[in-house]
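> mind looking at a prediction? Sequence and model below.
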Amino acid sequence: QVQLVESGGGLVQTGGSLRLSCAASERTLRTNDMGWFRQAPGKEREFVASTRWAGRNIYYADYADSVKGRFTISRDNAKNTLSLQMNSLKPEDTAVYYCAAALQGSSFDDWGQGTQVTVSS
């Protein structure tokens with residue numbers, strides 16, 4: 001297991017922006033797939049975005065349809081961090097956001113504790 005610690009959540013008005021960060025400890029995750037998920041009250045956890053390693057320094061990003069064009073996932077391998085830039089936020093983006101890593105294979109099996117994002121209307 002790798003400890004994943006999210007930060008950057010908070011309260012923002014509709015149309016505003018937030019940047020979430022996830023710091024990984026103990027080992028580099030340069031060759032691991034990483035992603036962001038979220039869970040709203042009363043709903044199941046859902047995929048938000050991922051960055052998948054394709055060899056060398058190539059990574060492919062993928063997004064849920066609901067956030068395409070508004071959210072951007074990025075990673076800084078030198079700092080061992082994962083970020084999620086969220087723009088044009090909507091009330092329906094309100095949720096606890098989780099950072100995840102795929103330590104064995106391609107399935108996400110390591111999770112952070114989550115950070116709350118609340119978008120007011």
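Noted; the coordinates are in hand. Residues are numbered from 1 along each chain as shown.

> dead centre of this protein: give me the residue that sits there.
The centroid of the chain falls nearest to Trp36 when counting by Cα atoms, centre = their mean (2.6 Å).

> and it, what element?
Assigned by DSSP states H and E, Trp36 falls within strand 34-39.

> from what I see, the residue nearest to the centre of the chain and Val48 are in contact.
Yes. Trp36 is within contact range of Val48, at 4.3 Å (criterion: Cβ atoms under 8 Å). Yep, even glycine has a C-beta here, placed from its N, CA and C like the rest.

> what is in contact with the two at once?
Contact criterion Cβ atoms under 8 Å, 6 or more residues apart in numbering; residues shared by Trp36 and Val48: Leu84, Tyr97.

> give me the pLDDT value at the residue sitting furthest away from the middle of the chain.
Within the chain, Ser121 marks the point farthest from the mean C-alpha position, 22.8 Å out by Cα atoms, centre = their mean. pLDDT recorded at Ser121 is 91.
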